[in-house]
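*Asks:* Structure of the sequence below:
(2 chains)
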Number of protein chains: 2
Amino acid sequence: MKTTPDRIAQGALLSMLLELSSTPKPGNVDRSHDFEEIKFHHFLISALSAYPVFRDAALGGEPTGALILRAVSAWRGWGLSQNTHFGTIALLIPLAKAAGRGGDLREEAVRVLEETTVEDAVEFYAAFRIAGARVAEVEDLSLQDPASKDRLLSEKRTLLDLMRLSSGHDLVAREWSTGFERSFSISRILAEKVADLGINDGVVISYIEALAEVPDGLVASKFGAAKAVEVSERARSILGGEVSETLRLAGKLDDEFIEEDVNPGSTADLIAAALFIALMEGAILRSEEG
Amino acid sequence: MKTTPDRIAQGALLSMLLELSSTPKPGNVDRSHDFEEIKFHHFLISALSAYPVFRDAALGGEPTGALILRAVSAWRGWGLSQNTHFGTIALLIPLAKAAGRGGDLREEAVRVLEETTVEDAVEFYAAFRIAGARVAEVEDLSLQDPASKDRLLSEKRTLLDLMRLSSGHDLVAREWSTGFERSFSISRILAEKVADLGINDGVVISYIEALAEVPDGLVASKFGAAKAVEVSERARSILGGEVSETLRLAGKLDDEFIEEDVNPGSTADLIAAALFIALMEGAILRSEEG
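*Replies:* Okay, here's the model as predicted:
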């Protein structure tokens, strides 16, 4: 199957929709429940409205920051105002760009990140404000503070520089800073799980393992680091036994997390990136499975 | 919002995904349950793999039959072999083509159908065989019989002629024969329900009402006309009271239909078409709702 820009856009969209719909995914929107404010269909809309932007990313030519800004702006065209997929888009846009170049996906992805400029940082900054995303603040460079934009420009920080500054506490920034290290390692685990368990359960188990491994950035920014560590410990506590038992306990943990308003959205972003990598590398859905 | 080919493709995809994910939709795959053989993610794949075909339909130029064949073939590129969205695609391709022309959607849709040729019939025939779809047979023109293709050619039947021959027992064919009469009338009802109840419940109630109103073609072709009538009566029996009570009973009816292997897929096709019309006419999701 030739990797056309349309196929790359479909892969990006499919990775978002598979991440979204796999269930039970403790604490996040999945096809078994909505949140009060953000519904399942809002995530459908933000995913599909980014399709042409993923296609253009794969075609090459357009800068990464501008593409992220376009993707985040696109969902407004369908009447959606909440932040839904900001983190996922910040991971998938450079990956889609890399996939469009052919060659080794990870090497190309690193190159895409290294090519970012100060203008990309400014566009990302604008995307961030539109999305109203909750991300960790970058040391004294607050993304919520317009004065930071001027500093960004005067200090000539590229988007990759900006991500490196945030990499201590933000999962997306860490992926940028490490050349998608966890996204690629999770994609390999995910491909094995999907081969064993099918798509739905493979995604769910990979998500729980990823959450158990590293505290979630969104949970940390909402409730503090201690809570994020506790959430990861609770994810770890349901692993290790039979898969069927983990899935049963995942349903219960889901109820608890929702009650506590805990949604590990950064981990979901990572899973979407891992799914995209696995799809592009032909490691899942080559032939009928799941 | 300008209606670009990308926006039309997104509308088609969104209508398929909203139809798919609304729950509880008695007897059909929804986000609360899979079938044994066809899973939720298979429907995601068949929907999104048709995106470029919907875009090309909106761009105009390509014949309707060829577009339907391309859409049905596309899902194989992601390893999917089951028939999932054949009926929906047979409705949405001409509607997407009509939307791309601008002007009155229904008038343009009728024009698109009237322009179909013998070649469109042949391409549709090929699409039908690839999809392995279950549709009512056309009098003595069996779509399963290769000899029928020769008769098709020698008798110079256009795709619209073919649909008119099947309109007695096939819901998609009836829509073609009547210029999408029910699709448009259901789209108006749907828009009212969505304004009152939000997306999910609006789609579910519209589906139950549509099923109550006309026996489902897929159920009839699988179990006979009497069973299809009975299924519609059972759908009718849960309507008329409070919406919350109908939704509760819909969950129970869903369990019963699944137990009986009853899946009213033709009615789901109609709902997808109605959603697309409502989206294109700006009757739903103009601004945030649902």
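*Asks:* The closest residue to residue A:174 other than its chain neighbours: neighbouring residues, count only.
*Replies:* Nearest in space to residue A:174, with sequence neighbours left out and distances taken as C-beta to C-beta, 6 or more residues apart in numbering or on different chains, is residue A:167 at 4.6 Å. C-betas here are computed from N, CA, C, even on glycine. Burial of residue A:167 is recorded as 18 neighbouring residues (other C-beta atoms under 10 Å in any protein chain shown).
*Asks:* List phi and psi for residue A:167.
*Replies:* Taking degrees, to the nearest 10, you get phi -70, psi -10 for the backbone angles of residue A:167.
*Asks:* Tell me if I'm right that it and residue A:182 touch.
*Replies:* No - contact criterion C-beta atoms under 8 Å: residue A:167 and residue A:182 do not qualify, at 11.8 Å.
*Asks:* pLDDT weak spots in chain A?
*Replies:* For chain A, the stretches flagged by pLDDT under 70 are A:1-2, A:30-37, A:133-147, A:287-290.
*Asks:* switch to 80 and redo it
*Replies:* In the predicted model, chain A carries pLDDT under 80 at residues A:1-2, A:29-38, A:76, A:79-84, A:131-153, A:168-169, A:286-290.
*Asks:* which residue of it sits farthest from its center?
*Replies:* The centre of chain A is farthest from one residue, residue A:154, which by C-alpha atoms, centre = their mean lies 29.8 Å away.
*Asks:* isn't residue A:53 right up against residue A:72?
*Replies:* No - in this structure residue A:53 lies outside contact range of residue A:72 using C-beta under 8 Å: 9.1 Å.
*Asks:* Which one's more surrounded, these two?
*Replies:* residue A:72 (30 against 26).
*Asks:* Just the element for the more buried one, please.
*Replies:* Secondary structure from DSSP states H and E places residue A:72 in helix A:64-74.
*Asks:* go on, residue A:15?
*Replies:* Per DSSP H and E: residue A:15 is located in helix A:5-21.
*Asks:* cool, residue A:283 as well?
*Replies:* According to DSSP H and E, residue A:283 maps onto no helix or strand at all.
*Asks:* got the contact list for it?
*Replies:* A:187, A:188, A:190, A:191, A:277 (C-beta atoms under 8 Å, 6 or more residues apart in numbering or on different chains).
*Asks:* neighbours around the second one, how many?
*Replies:* Applying other C-beta under 10 Å, we find 14 other residues in the vicinity of residue A:188.
*Asks:* Now the stretch 101-250 of chain A against chain B: closest residue?
*Replies:* Nearest residue of the stretch 101-250 of chain A to chain B: residue A:199, at 5.0 Å (C-beta to the nearest C-beta).
*Asks:* pretty sure that residue is in contact with residue A:23, am I right?
*Replies:* No - under the criterion of C-beta under 8 Å, residue A:199 is not in contact with residue A:23, lying 11.3 Å apart.
*Asks:* what does stretch A:59-74 contact?
*Replies:* Contact partners of stretch A:59-74, identified using C-beta under 8 Å, 6+ apart, comprise A:5, A:46, A:49-50, A:52-54, A:56-57, A:86, A:89-90, A:93-94, A:97, A:100-101, A:112-113, A:115-117, A:119-124, A:126-127, A:130-131, A:159.
*Asks:* swap the cut-off to 7 Å and go again
*Replies:* A:5, A:49-50, A:53, A:56-57, A:86, A:89-90, A:93-94, A:97, A:100-101, A:112, A:116, A:119-124, A:126-127, A:130-131, A:159 (C-beta atoms under 7 Å, 6 or more residues apart in numbering or on different chains).
*Asks:* Report the buried members of those.
*Replies:* By neighbour count, with 16 or more other C-beta atoms under 10 Å in any protein chain shown, these hold A:5, A:49-50, A:53, A:56-57, A:86, A:89-90, A:93-94, A:97, A:100-101, A:112, A:116, A:120-124, A:126-127, A:131, A:159 as buried.
*Asks:* contacts with chain B among these, please.
*Replies:* residue A:49 (C-beta under 7 Å from any C-beta of the partner chain).
*Asks:* Surely residue A:270 and residue A:170 touch.
*Replies:* No - with contact taken as C-beta atoms under 7 Å, residue A:270 and residue A:170 are classed as non-touching, separated by 11.8 Å.
*Asks:* Which of these two has more residues huddled nearby?
*Replies:* residue A:270 (31 against 24).
*Asks:* quick one: contacts for that one?
*Replies:* A:171, A:182, A:183, A:186, A:210.
*Asks:* ok, which residues in the stretch 1-150 of chain A are in contact with chain B?
*Replies:* So far as C-beta under 7 Å from any C-beta goes, the stretch 1-150 of chain A lies against chain B at A:1, A:6, A:10, A:13-14, A:17-18, A:21, A:31-32, A:39-41, A:44-45, A:48-49, A:51-52, A:77-81.
*Asks:* how many other residues sit next to the closest residue to residue A:55 other than its chain neighbours?
*Replies:* In this structure, residue A:55 finds its nearest non-sequential neighbour in residue A:9, 4.1 Å apart by C-beta to C-beta, 6+ apart. By the measure other C-beta under 10 Å, the count of residues near residue A:9 is 27.
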